[in-house]
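> Sequence and computational prediction follow.
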Amino acid sequence: MKKFILPIFVFLLYFCNYNPLIDNEVSFGQVKMSIDMNLAPEDVTGLAGILTREGFDSVFFNFEIIDNNAQALIENLEQGQWELYVKAMNNNGVILYDGSVTVEIIANMVSTVNLHLDPLSTTGSIQIKITWGDLPGKQKILFMAQNNANMWRVLSINLDGSGFQDIIAGSYPFWIDNKDKIYFRSSINSLLSYNPNTGETEQEHFIPLHGNFFRYSTQYNSIVFDYMIEDHNWNIGYYSLSNQEIAHVVTDSSWNKRPVPLNNSDWIYYQSDITGTQHIYKVNYGGTQII
């Protein structure tokens with residue numbers, strides 16, 4: 001059986017309902033699940049699930065598949081821990097893959113669960129790995145710092161100051177799009193990715209320049225950076241993820257550093273001393289610059 005990874009995105013939507021006929025407040029929640037069927041093996045044509053909890057009736061449900069996306073909505077779940085069981089079947093109803101995970105329903109909170117289904121053997125069993133999405137005040141900040149041995153490390157921390165994590169050796173970390181991987185520079189020319197769910201690293205791109213200050217541009221699906229030229233001056237360029245080519249944007253052989261692409265625009269802001277004094281400039285991706 002072909003090895004595959006099937007991510008299931010489970011959105012847990014929580015709210016409180018108060019029943020005036022009952023003395024105590026009762027909290028209910030919804031569980032909305034979405035699965036991209038393009039990532040599933042061809043022999044998987046249907047999915048079903050069960051939510052169970054001791055002392056409560058089991059909730060059986062099927063996924064509705066529309067345009068290669070399987071969705072399910074379960075309402076009126078009381079807060080607490082529920083066991084989610086998912087099975088993937090073929091046209092004959094034979095279970096090819098199955099697995100389970102604990103889901104925590106908490107009142108007045110909104111969270112995203114990212115479940116990765118990995119086949120463990122040819123018997124069709126799977127492992128579900130769960131990663132909670134960002135909660136209010138828990139968004140991650142990526143940064144880098146040197147340790148006591150003067151080695152650069154990729155670090156993260158929540159906006160509220162909690163959850164500090166020393167992730168991996170490297171520098172200039174950044175996310176791309178859905179933040180399921182951290183990209184970082186492992187050497188002068190190599191960009192690696194780190195998967196927080198699996199702890200695995202992977203070589204992503206080789207950039208034949210001494211680059212620093214990597215930033216991702218959503219507008220152009222590219223990595224903007226500065227790179228060293230002769231006499232220790234720096235230019236500004238970007239690496240296109242679409243065609244894996246480098247474009248040179250600022251090539252005046254001055255000290256041009258720290259480029260920042262502005263979201264949803266054509267501009268890259270950077271620092272330069274071309275006039276003898278450091279100023280902030282902006283340049284578009286075609287090379288037209290303005291002080």
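Ah, there it is.
> How is this protein partitioned into domains?
6-132, 140-290 (automatic domain parsing).
> Now the last one: average pLDDT?
Across domain 140-290, the average pLDDT comes to 87.
> got it, and the first one?
Mean pLDDT, domain 6-132: 69.
> beta partners of the nearest residue to residue 266 once chain neighbours are set aside?
Distances taken as CB to CB, 6 or more residues apart in numbering place residue 284 nearest to residue 266, at 4.5 Å, with adjacent residues excluded. For every residue, glycine as well, the C-beta is placed using N, CA and C. Note on residue 284: beta-bridge partners by DSSP bridges are residue 267.
> and residue 284, what does it touch?
Applying CB atoms under 8 Å, 6 or more residues apart in numbering to residue 284 gives the contacts 266, 267, 268.
> So which of those residues is the closest to residue 213?
When the contacts of residue 284 are compared for distance to residue 213 (CB to CB), residue 268 wins out at 11.2 Å.
> if I pick the closest one, what's in contact with it?
217, 224, 236, 238, 249, 259-262, 282-285.
> Strands of the stretch 51-200 of the chain, start to end?
All strands of the stretch 51-200 of the chain, identified by DSSP state E, counting those that start in this stretch, fall at 59-62, 64-66, 69-78, 80-89, 95-105, 110-119, 126-132, 140-146, 152-158, 165-169, 171-175, 182-185, 190-194.
> Adding mean neighbour count, write those strands out as a markdown table.
Formatted as a markdown table, the strands of the stretch 51-200 of the chain follow (neighbours: other CB atoms under 10 Å):
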| stretch | mean neighbour count |
| --- | --- |
| strand 59-62 | 14 |
| strand 64-66 | 11 |
| strand 69-78 | 15 |
| strand 80-89 | 19 |
| strand 95-105 | 18 |
| strand 110-119 | 18 |
| strand 126-132 | 16 |
| strand 140-146 | 13 |
| strand 152-158 | 17 |
| strand 165-169 | 14 |
| strand 171-175 | 18 |
| strand 182-185 | 23 |
| strand 190-194 | 18 |
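> wait, which of the ones you listed is closest to residue 230?
Of the strands of the stretch 51-200 of the chain, nearest to residue 230 by CB to CB is strand 182-185, at 21.3 Å.
> And residue 42, how close does it get to residue 169?
40 Å (CB to CB, to the nearest Å).
> show me the contacts for the nearest residue to residue 167 once chain neighbours are set aside.
Using CB to CB, 6+ apart and skipping the chain neighbours, the partner closest in space to residue 167 is residue 154 (4.6 Å). Contacts of residue 154 were listed using CB under 8 Å, 6+ apart, and they are 142, 144, 167, 168, 169, 170, 171, 173, 182, 184, 194.
> Same question for residue 240.
Each residue near residue 240 by CB under 8 Å, 6+ apart is listed here: 220, 221, 222, 246, 247.
> List the beta-bridge partners for it.
Residues in beta-bridge contact with residue 240 (DSSP bridges): residue 222.
> distance between the ends of stretch 84-94?
The first and last residues of stretch 84-94 sit 19 Å apart, counting by CA to CA, to the nearest Å.
> distance of the residue nearest to residue 170 when sequence neighbours are not counted from residue 39?
Excluding its sequence neighbours, the residue lying closest to residue 170 (CB to CB, 6+ apart) is residue 184, at 3.9 Å. Going from residue 184 to residue 39 by CB to CB gives 25 Å.
> repeat for residue 31
In terms of CB to CB, residue 31 sits 21 Å off from residue 39.
> what about these two, which has more around it?
Legend: neighbour count by other CB atoms under 10 Å for residue 31 and residue 39, higher for residue 31 (23 against 14).
> Does the more buried one lie in a helix or a strand, and which?
Following DSSP states H and E, one finds residue 31 within strand 26-36.
> Repeat that for residue 269.
With DSSP H and E as criterion, residue 269 is part of strand 267-272.
> Going by neighbour count, which residues of that strand are buried?
Buried residues in strand 267-272, counted by 16 or more other CB atoms under 10 Å: 267, 268, 270, 271, 272.
> Could you export the strands of the stretch 51-200 of the chain as a markdown table, including distance to residue 255?
Converted to a markdown table, the strands of the stretch 51-200 of the chain look like this (distance: least, CB to CB, whole Å):
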| stretch | distance to residue 255 |
| --- | --- |
| strand 59-62 | 61 |
| strand 64-66 | 55 |
| strand 69-78 | 50 |
| strand 80-89 | 55 |
| strand 95-105 | 52 |
| strand 110-119 | 42 |
| strand 126-132 | 41 |
| strand 140-146 | 21 |
| strand 152-158 | 22 |
| strand 165-169 | 28 |
| strand 171-175 | 18 |
| strand 182-185 | 20 |
| strand 190-194 | 24 |
